[in-house]
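*Asks:* predicted structure and sequence below. I'll ask about it afterward.
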Amino acid sequence: MVPRESPPSLATNETLIAHKMADKLRELDRRSGVSDWRVHDFRRSIVSIRAEHGADIAVLDSLLNHASSATRDGVIGTYQRALLIEPARRVMALWDGLLRNAIGLSPEPRSCTVPVRLKGAEPRLAPVA
């Protein structure tokens, strides 16, 4: 759990990050009118909503990075090592669409590019889908 109280003022990156997170959490509390929530509530809600919209439970479980759960017991938990990258991308695109719809944005995100630097190569732009 991330505390909502600002940590003691120490000049380290960790305390600065914790301080900024505490500020953001207090701002979320103020804007939402809800103060008794935890970051884990987001994980639970996101997975539940995506499952209600047809996302595969095994893919959702993989996104949560649960080492042992109901979908990875026994033989599956022992032998299934697939990363499920493409199904995970589809689930994340589903979530993106649900969020965009909820806040009134266009359903299709704008295409953008990010700089990519390969070891020993000049920087180049790579499209982000």
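*Replies:* Noted; the coordinates are in hand. Because the structure is predicted, anything quoted here is derived from the model rather than measured.

*Asks:* which residues sit in contact with Trp37?
*Replies:* Contact analysis of Trp37 by CB atoms under 8 Å, 6 or more residues apart in numbering lists nothing. (Glycine included, C-beta is placed from N, CA and C.)

*Asks:* domain-wise, how is the chain divided?
*Replies:* Here the domain parsing of the chain from automatic domain parsing is 1-35, 38-128.

*Asks:* max-length helix in the protein?
*Replies:* helix 13-32 (DSSP state H).

*Asks:* can you give me the helices for the chain?
*Replies:* Using DSSP H, helices in the chain cover 13-32, 39-52, 57-64, 74-79, 85-102.

*Asks:* turn those into TSV, columns for mean neighbour count and distance to Glu108.
*Replies:* Formatted as TSV, the helices of the chain follow (neighbours: other CB atoms under 10 Å; distance: least, CB to CB, whole Å):
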stretch	mean neighbour count	distance to Glu108
helix 13-32	13	27
helix 39-52	13	19
helix 57-64	17	22
helix 74-79	9	35
helix 85-102	14	8
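
*Asks:* out of the ones you listed, which gets the lowest mean score?
*Replies:* Least confident of the helices of the chain, judged by mean pLDDT, is helix 74-79 with a mean of 68.

*Asks:* could you tell me the model confidence score at Gly54?
*Replies:* Value for Gly54, per-residue pLDDT: 92.

*Asks:* find the residue closest to it in space, skipping its chain neighbours.
*Replies:* Distance criterion CB to CB, 6 or more residues apart in numbering; nearest residue to Gly54, sequence neighbours excluded, is Leu94 at 7.7 Å.

*Asks:* Leu94 touches Ala55, doesn't it?
*Replies:* Yes. Between Leu94 and Ala55 a contact is recorded at 6.0 Å, counting by CB atoms under 8 Å.

*Asks:* residues contacting the residue nearest to Gly54?
*Replies:* Counting by CB under 8 Å, 6+ apart, Leu94 has contacts Arg50, His53, Gly54, Ala55.

*Asks:* from Ile85, how far out is it?
*Replies:* 15 Å (CB to CB, to the nearest Å).

*Asks:* same check, this time on Ile57
*Replies:* Ile57 is 17 Å from Ile85, by CB to CB.

*Asks:* try Ala58
*Replies:* 13 Å.

*Asks:* perfect, I'm done here.
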